[in-house]
Structures are given as C-alpha cells and as structure tokens.
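> from the sequence below, what's the structure:
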Amino acid sequence: MTYDVEEYLSPATVLICSKYQGIGHFRRQCMHMYETCKVCGTECADLRQHNCTNVNKCIHCNGNHLSNSIKCPIVKDYRAALTKKLLSSTATSTNNNNNNYVYNPALDPPLLLPQGMSIPNAYSSVTNKIEELIDGLAKMNETLERMDYKNKEVGNFMNVRKKNDD
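This is a model prediction of the structure:
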C-alpha cells in the first residue's frame, strides 16, 4: 500500500524583539542598548518610565501601526523572504530523501489500552504485589512509631528515676 504525501509548510513566524522591536531575534539576544516603545517608536532607557504619545509610528517603515505589527510591509517582506528560504531548503532536502520507503508495522510503538479495559493478569499480579508491599510498609511504619514512643517513655522514666536517686 502506498500513499502520496505532499509537504505543507505554514508561513514562517517572524521573531520580533520585545526590547528594541527589531526583526529576527528575541529580547534575550538583543544587543541594542536602549528599549524602544512599540507604539510611538521612541527609544528610552526604561520603558516603564516612558510617557508614550500614543501615536502609532512603526520604527521599520514609519507607518501608522505598531512596530511589532505583522501588517508592516518590512515585516511582511522579511516573512516572505524567510518563507521562501525555508521552502527552497526543504525542496532540496526532499530531493535527497529515500522515496522507496517500506512501511513495517513491527516498528510501530505499542498502543495504549482503551479506557475501561482490564489490565492483563501479568500486570494485575504485579500491582497486587506492590499493594501488599505498600501495606506492609505502612504497618512497619506504625510499629516503628509505637517503638519510638515507648523508647521515649522509658527514657523519661529512667531520667525521673535517676533524679529521684540523687
């Protein structure tokens, strides 16, 4: 049985820095010294102290939109170029792939049991053993706590006797 498979690549996601609003990197990788307001495009040392004019001005194209907008023509061009580059690199890599693939169901991982199905006997016996061990450990823990309590009582009794003997 064979199936034809067509590769689908969604349009590339463009990275826009939240510090400088630069294209192609994240804030952590940003080398720019100052922060840039995404609304008005003003550079400042600390955006929290910035008084924004609330007039949209893109730092990339001076357009009337936010600097991190995907509607910006510069961002659109960057995205188109990135998508084109990704498509060309995958086209060359798919040419090198082995087109004589043979499906082998033995290589598939085992499927999980559907909900409501019983666990096979081998698993249930292991589960029972584990539950027995847990119960045994709980009983042992109770015994140790009782012994610890009794030990403290004997220690207190001995201390009282020692004080009375003096």
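> by mean pLDDT, flag the weakest helix or strand of the chain.
Between all helices and strands in the chain, the lowest mean by mean pLDDT, DSSP states H and E belongs to helix 73-95, at a mean of 80.
> tell me what that one is packed against?
In terms of contacts (3 or more Cβ pairs under 8 Å, 6 or more residues apart in numbering; DSSP states H and E), helix 73-95 is packed against no helix or strand at all. In this view, the C-beta of every residue, glycine as well, is placed from N, C-alpha and C.
> so how far is the helix ranked longest in the chain off the chain centroid?
Longest helix in the chain by number of residues (criterion: DSSP state H): helix 121-165. Centroid separation for helix 121-165 versus its chain: 42 Å, with Cα atoms, centre = their mean, to the nearest Å.
> what packs against it?
By contact count (3+ Cβ pairs under 8 Å, 6+ apart), the secondary structure elements abutting helix 121-165 number zero: no helix or strand.
> mind listing residues that contact the least confident helix or strand of the chain?
By Cβ atoms under 8 Å, 6 or more residues apart in numbering, the surrounding residues in contact with helix 73-95 are 7, 9, 11-12, 14, 16, 23-24, 58, 60-61, 63, 69-70.
> please save the CA atoms from that helix in PDB.
Included here for helix 73-95 are C-alpha records, laid out as PDB according to Å, rounded to 0.1, in the frame of the first residue of the first chain:
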ATOM      1  CA  PRO A  73       5.500  45.900   4.800                       C
ATOM      2  CA  ILE A  74       9.100  45.500   6.100                       C
ATOM      3  CA  VAL A  75       7.900  42.600   8.400                       C
ATOM      4  CA  LYS A  76       5.900  41.200   5.500                       C
ATOM      5  CA  ASP A  77       8.900  41.300   3.200                       C
ATOM      6  CA  TYR A  78      11.100  39.700   5.800                       C
ATOM      7  CA  ARG A  79       8.500  37.000   6.400                       C
ATOM      8  CA  ALA A  80       8.100  36.300   2.700                       C
ATOM      9  CA  ALA A  81      11.900  36.000   2.200                       C
ATOM     10  CA  LEU A  82      12.200  33.700   5.300                       C
ATOM     11  CA  THR A  83       9.300  31.500   4.000                       C
ATOM     12  CA  LYS A  84      10.900  31.400   0.500                       C
ATOM     13  CA  LYS A  85      14.300  30.400   2.100                       C
ATOM     14  CA  LEU A  86      12.600  27.700   4.100                       C
ATOM     15  CA  LEU A  87      10.800  26.300   1.100                       C
ATOM     16  CA  SER A  88      13.900  26.200  -1.000                       C
ATOM     17  CA  SER A  89      15.900  24.500   1.700                       C
ATOM     18  CA  THR A  90      13.100  21.800   2.200                       C
ATOM     19  CA  ALA A  91      12.800  21.300  -1.600                       C
ATOM     20  CA  THR A  92      16.500  20.400  -1.800                       C
ATOM     21  CA  SER A  93      16.300  18.200   1.200                       C
ATOM     22  CA  THR A  94      13.300  16.300   0.000                       C
ATOM     23  CA  ASN A  95      15.100  15.500  -3.300                       C
END
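> fine by me, thanks again.
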